[in-house]
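Asks: here's my sequence, what's the structure:
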Amino acid sequence: MNGSAIAASGLRKSYKDKVVLDGIDLNVRAGTIFALLGPNGAGKTTTVNVLTTLLPADAGKALVAGHDVTTQTKAVRAAIGVTGQFASVDNLLTGEENLRLIADLLHLPKSQGKRVIRRLLDRFELTEAAGKPAASYSGGMRRKLDLAMTLVGAPQIIFLDEPTTGLDPRSRRTMWEIIRELVADGTTIFLTTQYLEEADQLADRIAVLDQGKLVAEGTAAELKRQVPGSHVRLRFADRPTLDLAAQVLDASTKDDEELALRVPGDGGVRSLRALLDRLDRHSVDVEELSVHTPDLDDVFLALTTNTNTKVNAR
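Replies: You can find the predicted model right below:
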C-alpha cells in the first residue's frame, strides 16, 4: 500500500483450537507511531511476532517495509528492529560491549561501528556507564541500552512490545521522549502497550485488539468519541441564568451548587456552535464552557470483553 510502512490483510493464527488472530487488517503509515492495545492474551505479541517474521501466519498477507513477511524474510529483518517486553542485553558485558556485539553481528566496518556506538551512548545518556557491566544498570538504563542496541542497524521500522513495562514514571517519560525523537527522524514505530496513557501520549493512531479481532481503530480523540459519556459543561453567572438555560436545554443535567449544566454531546465544532446558538437566541450568557470526553480507560473497558483483565492506566 502506498505510503505504508506496514500493511496486513486477513492475518490469522491459531494454536490448536484457540484462535489468536482472527483475520486482522492493519495499515501503518511511514513515519508515525501506531499503538496496538488489548487485554492480556488478546493477540498483541502474536501480531508482532508475525510481522517480524518470528512466527508464520496461518492465513493472510503482510508487507513490512514493502517486503512480504513470508517470502522475503531477510529483507524484512534488514529493515526492522525489535525491542521486546524484557531487555535482551547481556549482563556479563558492559554497555559498550553489548553495542559492539550488535555492530559485529551486522558486519559494520570497525570505524563505522565505533562512530555508531559513540553516538548511541551519547544519545541515550549512557556514556558514563558505558564501561560498566549491564548487570549493574537500573531498569531504565537497561531498557535504554536495549533500544540503543536495536538502533545500531538504523532500522526503518521499530517494533516496541511493551517497552516501558516495569519502569518508574521518570524512566517511562524519558523513553517517551526518545520514541518521539526517533519518529521525528523518520522512523516508524509499532507499539504494543498496556499503559493507556502511553498510547494516548504517543500514538498517531491506535487499534484495539480483543480476542484476536480488531474492534476499533482511529486517533485517540476518535476512539474517545465512540464511547458514550461525552458532554459539554456550561457554567453561568447566577441562578436565574442557570434556570433559563436549563429550560432552553431540556436534555441537560443541572448542578445548582456549581451553577452549571451538563449537556450530552460529542464536543464537535458543529454541535457546540448549535448549542451556543440556541442559548444566544434566548439571550443566555455563558460564563465558562468546557468539553469532557471519556478517556482511553473508558474506551478500553467499553470495547473489550475481558474487562476484568488488569490494565495499567498510569
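
Asks: quick one: Ala221 from Arg205, how far?
Replies: 11 Å (C-beta to C-beta, to the nearest Å). Quick note: C-beta positions are derived from backbone N, CA and C, even for glycine.

Asks: give me the more crowded residue out of the two.
Replies: Arg205 (20 against 10; other C-beta atoms under 10 Å).

Asks: tell me the confidence at the more buried one?
Replies: You'll see Arg205 listed with a pLDDT of 96.

Asks: now name the helix or strand holding the closest residue to it other than its chain neighbours.
Replies: Using C-beta to C-beta, 6 or more residues apart in numbering and skipping the chain neighbours, the partner closest in space to Arg205 is Phe34 (5.4 Å). Using DSSP states H and E, Phe34 maps to strand 33-37.

Asks: per the record, what domains does the protein have?
Replies: 4-89+138-225, 93-136, 231-292 (automatic domain parsing).

Asks: if we can go back for a sec, and the residue nearest to Arg205, how many neighbours?
Replies: Phe34 has 23 nearby residues by other C-beta under 10 Å.

Asks: next, the buried residues of the helix or strand containing Leu145.
Replies: In this assignment (DSSP H and E), Leu145 forms part of helix 139-151. Neighbour-count burial for helix 139-151, counted by 16 or more other C-beta atoms under 10 Å, picks out Gly140, Met141, Arg142, Arg143, Lys144, Leu145, Asp146, Leu147, Ala148, Met149, Thr150, Leu151.

Asks: now the strands for the protein?
Replies: 4-15, 18-29, 33-37, 59-64, 67-68, 80-83, 157-161, 188-192, 205-210, 213-218, 231-235, 253-255, 260-264, 288-292 (DSSP state E).

Asks: which non-adjacent residue is nearest Thr304?
Replies: Going by C-beta to C-beta, 6+ apart, Thr304 has Asp210 as its nearest residue, at 4.3 Å.

Asks: contacting residues for Val263?
Replies: His231, Val232, Arg233, Leu234, Leu249, Ala251, Ser252, Thr253, Leu275 (C-beta atoms under 8 Å, 6 or more residues apart in numbering).

Asks: PyMOL command for the buried members of those?
Replies: Buried residues among the contacts of Val263 (16+ other C-beta under 10 Å), as a PyMOL selection:
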select buried, resi 231+232+233+234+249+252+275
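
Asks: follow-up on the earlier one: just give me the neighbour total for the residue nearest to Thr304.
Replies: 20.

Asks: how far away is it from Ala216?
Replies: Distance from Asp210 to Ala216, counting by C-beta to C-beta: 9 Å.
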